[in-house]
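A.B. asks: just to be clear, the model below is a prediction. Sequence and coordinates:
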Amino acid sequence: MEAILDFIGTHKEVFYFVILSIFVGVEVIGKVPTVLHTPLMSGANAIHGVVIVGAIIVMLDTEISNIPSLALGFLAVVLGTLNVVGGFVVTDRMLEMFKKKK
């Protein structure tokens with residue numbers, strides 16, 4: 001418990017930054033019109049591609065004998081890929097609703 005309190009005391013600026021970012025993010029997203037939510041979510045899902053690339057880089061730098069790190073990296077790649085693909089599928093379906101019917 002003492003180590004946790006020391007860590008928080010040493011890095012309190014980071015905690016302030018994260019908390020402020022959460023409040024700013026909620027305010028920004030709350031002001032977005034409903035029509036724009038799907039394109040914004042598509043962009044957010046595309047940004048998750050960074051998670052995939054980061055997980056791959058970490059896995060390449062990990063020793064082969066470190067099975068837990070490799071397993072977590074693999075899980076991050078799989079879940080990040082599912083998130084990106086799912087986001088684009090949802091966006092495609094939403095954009096189909098705006099096309100003119102023949």
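C.D. replies: Arrived safely, thanks for sending.
A.B. asks: mind naming the longest helix for this protein?
C.D. replies: helix 67-97 (DSSP state H).
A.B. asks: average model confidence for that one?
C.D. replies: Mean pLDDT, helix 67-97: 85.
A.B. asks: what packs against it?
C.D. replies: helix 37-47, helix 49-61 (3 or more C-beta pairs under 8 Å, 6 or more residues apart in numbering; DSSP states H and E). C-betas here are computed from N, CA, C, even on glycine.
A.B. asks: and those, which one is worst for confidence?
C.D. replies: Note on the helices and strands packed on helix 67-97: lowest mean pLDDT is at helix 37-47, with a mean of 69.
A.B. asks: report the residue ranges of every domain in the protein.
C.D. replies: By the assignment in automatic domain parsing, the chain contains the domains 1-31, 34-102.
A.B. asks: could you give the separation of the shortest one from the chain centroid?
C.D. replies: In this case it means domain 1-31. 17 Å (C-alpha atoms, centre = their mean, to the nearest Å).
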